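build the 3D model from these lines:
(one chain, ligands or ions: 3)
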Amino acid sequence: MAPTLADPFNDSSAIIDFVINQGNGVKGLSELGLKALPKQYIQPLEERMCMTNIVPQGSIPIIDMSNWEDPNVAKSICDAASEWGFFQIVNHDVPVEVLENVKDATYNFFRLPAEVKNKYSKEHSSSNNVRFGTSFTPQVEKALEWKDYLSLFYVSEEDASALWPSVCREQVLDYMKKSEVVIKQLLQVLMKGLNVNEIDEAKESLLMGSMRTNLNYYPKCPNPELTVGVGRHSDVSTLTILLQDEIGGLFVRGNEGDDWIHVPPIKGSFVINVGDALQIMSNGRYRSVEHRVVANGSKNRISVPIFVNPRPADMIGPLPELVANDEKPIYKQVLYSDYVKHFFRKAHDGKKTAEFAEL
Ligand SMILES: COc1cc(/C=C/C(=O)SCCNC(=O)CCNC(=O)[C@H](O)C(C)(C)COP(=O)(O)OP(=O)(O)OC[C@H]2O[C@@H](n3cnc4c(N)ncnc43)[C@H](O)[C@@H]2OP(=O)(O)O)ccc1O
Ligand SMILES: O=C(O)CCC(=O)C(=O)O
Ligand SMILES: [Fe+2]
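Numbers count the residues shown, from 1 in each chain. Ligands and ions are numbered 1, 2, ... in the order given. Okay, the predicted model is just below:
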């Protein structure tokens, strides 16, 4: 029987069963109208966002991509990637309509009944390329995160037609396809900033040979101050291109102490961040920076990141062009899928994943 407000979950396993096994997610919990956050979601004090650590006037760079080849624009992109690891881009040529369509498609997927979404869960999905889930790695997390997601790994149009949910398939494919131009522009500029002037086929495949789009849903939360939407982590991608809605809640680690900087929503923009794979390939010149998402007490929020990655079978390490000139490598060569598996098999733990590749 479905739990009600008057008849809340009587034991710990009932809540896990409702959220994870039945596929209701935290969206299902939120819609029950619970008055208090279930204890499984209460984060330790040190993982909750503390208002005193938010830099009030802090902001990551905002870069206009209309003249992306201009050396000044190129310099601001490379500087932002080295100093902040994060920036926002405007005037990037991906039509606003494509962005609105993928946001609508995200809502349409999460509006589906739990039993339909649950067909895409780890336990029921016929393929690892499609995954509906909640939190990050619930099996190993001491406290759960207040987020549901659908993760879509792109292999081919045929694979997507056969496996991706029809309610969002075309919109996500269009979003990925139309974003490729700006992804290539950013990678070209970032490589030039490392004196890698030609991106041949092999290098393009190493930088962007596989892509994954996640549809993230953060429902409104009864006690947002006690939990997190996403805990502190850096992405394992080369680059992440993130579309967020108008609600806000993404914070980036600042350059000093425990400072956190809010990333304000800008209509039509993308938030760009360097991932661990690019930090490793650039031998630490570009930085993958910790970020986190807070929960919201009054509104639902969505975001749609495209993770641009090496292929699972690629070996990643400092690019040969960088270490050829006596620069000391700080990372070893690692198999990218081993790196990603290491990330997915533990709870979010800030910047610790990169230690896997340190020399
Ligand atoms: C969900 O909340 C998130 C997600 C993120 C993501 C940030 C990123 O940067 S995603 C970019 C990751 N890169 C890639 O996907 C490209 C390369 N892909 C691969 O190397 C492989 O496809 C693979 C991801 C390693 C999966 O390979 P496979 O052979 O199928 O390996 P498995 O053994 O099935 O999986 C390993 C391990 O990972 C878990 N897992 C797999 N896919 C996902 C997924 N999409 N979401 C969550 N977890 C996933 C899987 O369950 C396995 O764990 P076990 O415990 O079962 O062994 C950032 C922040 C967030 O909050
Ligand atoms: O929702 C957001 O703003 C960021 C989500 C995120 O960091 C991720 O999915 O890796
Ligand atoms: Fe992230």
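
quick check: closest non-adjacent residue to the residue of the stretch 101-250 of the chain found nearest ligand 2.
When scored by CB to the nearest ligand atom, the stretch 101-250 of the chain has Leu250 as its residue closest to ligand 2, at 3.6 Å. The way it works is simple: take the backbone N, C-alpha and C, and place the C-beta from them, glycine included. Leaving aside its chain neighbours, Leu250 sits nearest to Val263 (4.4 Å; criterion: CB to CB, 6 or more residues apart in numbering).

quick check: that neighbour touching Phe86?
Yes. Using CB atoms under 8 Å, Val263 is in contact with Phe86, at 7.1 Å.

pull up the overlap in contacts between these two.
60, 252, 271 (CB atoms under 8 Å, 6 or more residues apart in numbering).

do the helix or strand where the last one lies and ligand 2 meet at all?
Applying DSSP states H and E as the criterion places Val271 in strand 270-274. No. Where contact is defined by CB under 6 Å from any ligand atom, no part of strand 270-274 touches ligand 2; the two come within 7.0 Å at best.

who touches that strand?
81, 85-89, 92, 94, 179, 182, 186, 235, 239-244, 250, 252, 263, 286-289, 291.

write the PyMOL selection for whichever of these are buried.
Of the contacts of strand 270-274, the buried ones go into a single PyMOL selection, burial set by 16 or more other CB atoms under 10 Å:
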select buried, resi 81+85+86+87+88+89+92+94+179+182+186+235+239+240+241+242+243+244+250+252+263+286+287+288+289+291
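
in strands only, show me the contacts of strand 270-274.
86-89, 239-244, 250, 252, 291 (DSSP state E).

which one of the residues you listed sits closest to His348?
His291 (10.3 Å; CB to CB).

contacts only, for the closest residue to the closest one other than its chain neighbours.
Nearest residue to His291, sequence neighbours excluded (CB to CB, 6+ apart): Val252, at 4.8 Å. For Val252, the contact set (CB under 8 Å, 6+ apart) comprises 60, 84-86, 260-261, 263, 273, 289-291.

please apply the same query to Leu187.
199, 204, 207-208, 238-239, 308.

pipe those into CSV and attach pLDDT, distance to ligand 1 and secondary structure per row.
Below are the contacts of Leu187 laid out as CSV (pLDDT from 0 to 100; distance: CB to the nearest ligand atom, whole Å; DSSP: H, G, I helix; E, B strand; the rest coil):
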residue, pLDDT, distance to ligand 1, secondary structure
Ile199, 96, 19, coil
Glu204, 98, 15, helix
Leu207, 98, 12, helix
Met208, 98, 11, helix
Thr238, 98, 9, coil
Leu239, 98, 10, strand
Val308, 98, 9, strand
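
ok but Pro222 is inside a strand, no?
No. Applying DSSP: H, G, I helix; E, B strand; the rest coil, one finds Pro222 to be coil, outside a strand.

related to what we said a few turns ago, quick one: the residue of the stretch 101-250 of the chain closest to ligand 2 from Asp259, how far?
15 Å (CB to CB, to the nearest Å).
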